[in-house]
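Peer 1: dropping the sequence and predicted coords here.
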Amino acid sequence: MRIIRALTAAVAVAALAVPALAAGYPERPVTMVVPFPPGGASDQAARVVQTEFEKNLGGNVVIENRPGATGNTGAGAVARSAPDGYTLLCAALSVWSINPALFKGLNYDAAKDFDLLTVAVRTPNVLVTRKDFPAKDVKSLVEYLKANPGKVTFPSSGSGSSDHLTAELFWQKTGTTGNHIPYKGGGPAITDLIGGQTDVSFQNLGNIYPHIVTNKVNALAVTSAERHPMLPDVPTLKELGYEGLEVYSWQAIGAPKGVDPAVKAKIEDALIKALKTEAVAKAFAKTGFDVVASSEAESEAFQAKEIARWKQVVDEGKIPSP
């Protein structure tokens, strides 16, 4: 009987400890690691949400940039950190779903080493050409690519990036080929496209939008499911009859696997509330990002589909590691 009473008391204490742990959290600053240099999309996403996240969480949040190896350095460090709720990862789809297909011996498992708390925001890519490119719509572009296999240059922000793999997916779905030209970032890629050194590209809406409205490039289509309010006159690839080309560049926030469920729930709730505030949504909209704010269950289901999708693209395209 003494043993039974002791076990009952232990279970009761444990049950009380879970909400107590969450109630006391956070007791020190939370670090949100961005595995890319300052100024990029992941860094911007973390900083836009930071203030409202702090208010909801009831503690300070520090943004720490740990760039290297296409995001793998910072992601690996977070995966190996203590699962205590004090280290989070804010990263792009490359880290969460593309790198597993591109890199052999990756120092983290994107699906198993993290709880993906929320897909925070997303933005479509825009299919653009240099101003004097002969194809003025998607149909004529596909015809031109078929007549000139492997000759049309497609600049991207880097090998394995969203804009690179969107081009690969486009070629696969349309039975065409192109000449991929990787750059070190979207800025240089766009500069050479505007300058006429390259031909066609899929670029994130926020990055290419200023050059579309100033008539420096031609916008042929967007990769979103529906037309985007920033480009209401630009059709989607789907409405033009090209299926399987709905693509978004997305940013998500996760934690190392094993965080106490009550603490994790508190973080997720604080993040989603922050993302849904009007000020945060407006700040993201200015850069072409739409708020998603999905739950952990929704985010991980989406991630699984993205991992499978981009692995197929990488395998079919025989894309080497960067």
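Peer 2: All right, it came through fine.
Peer 1: surely residue 183 is in contact with residue 193?
Peer 2: No: if you go by C-beta atoms under 8 Å, residue 183 and residue 193 don't touch, sitting 9.8 Å apart. For the C-beta atoms, the positions are set from N, CA and C on the backbone; glycine is no exception.
Peer 1: on the three-state scheme, residue 134 is what?
Peer 2: coil (DSSP: H, G, I helix; E, B strand; the rest coil).
Peer 1: which residues does it contact?
Peer 2: 140, 144 (C-beta atoms under 8 Å, 6 or more residues apart in numbering).
Peer 1: what's the neighbour count on residue 258?
Peer 2: Close neighbours of residue 258, defined as other C-beta atoms under 10 Å, add up to 12.
Peer 1: output the contacting helices and strands for the strand or helix carrying residue 219.
Peer 2: Remark: residue 219 resides in strand 217-222, with elements defined by DSSP states H and E. In this structure, strand 217-222 packs against strand 114-130, helix 138-147, helix 205-213, with contacts taken as 3 or more C-beta pairs under 8 Å, 6 or more residues apart in numbering; DSSP states H and E.
Peer 1: distance between it and the chain's centre?
Peer 2: 22 Å (C-alpha atoms, centre = their mean, to the nearest Å).
Peer 1: that strand - what's its average pLDDT?
Peer 2: In this model, strand 217-222 has an average pLDDT of 98.
Peer 1: pull that strand out as PDB, backbone CA atoms only.
Peer 2: Provided in PDB are the C-alpha atoms of strand 217-222 (Å, rounded to 0.1, in the frame of the first residue of the first chain):
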ATOM      1  CA  VAL A 217      11.900  43.000 -66.600                       C
ATOM      2  CA  ASN A 218       8.900  41.200 -68.100                       C
ATOM      3  CA  ALA A 219       6.600  39.200 -65.700                       C
ATOM      4  CA  LEU A 220       5.100  36.200 -67.400                       C
ATOM      5  CA  ALA A 221       3.400  34.300 -64.600                       C
ATOM      6  CA  VAL A 222       3.400  33.600 -60.800                       C
END
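Peer 1: after it, next one along is what?
Peer 2: By DSSP H and E, the next helix or strand past strand 217-222 is strand 248-256.
Peer 1: report the buried residues of the next helix or strand along the chain from that following strand.
Peer 2: Next helix or strand after strand 248-256 toward the C-terminus (DSSP H and E): helix 261-275. Of the residues in helix 261-275, those with enough neighbours to count as buried (16 or more other C-beta atoms under 10 Å) are 262, 263, 264, 266, 267, 268, 270, 271, 272, 273, 274, 275.
Peer 1: among those residues, which one sits closest to residue 123?
Peer 2: residue 275 (14.3 Å; C-beta to C-beta).
Peer 1: check what pLDDT that closest one gets.
Peer 2: Looking at residue 275, its pLDDT is 98.
Peer 1: just residue 40 next, same as before
Peer 2: Residue 40 is given a pLDDT of 88.
Peer 1: please tell me how far it sits from residue 305.
Peer 2: With the distance defined as C-beta to C-beta, to the nearest Å, residue 40 ends up 25 Å from residue 305.
Peer 1: same check on residue 119?
Peer 2: Per C-beta to C-beta, residue 119 is found 12 Å from residue 305.
Peer 1: any weak-confidence spans in the stretch 51-200 of the chain?
Peer 2: Of all residues in the stretch 51-200 of the chain, none has pLDDT under 70.
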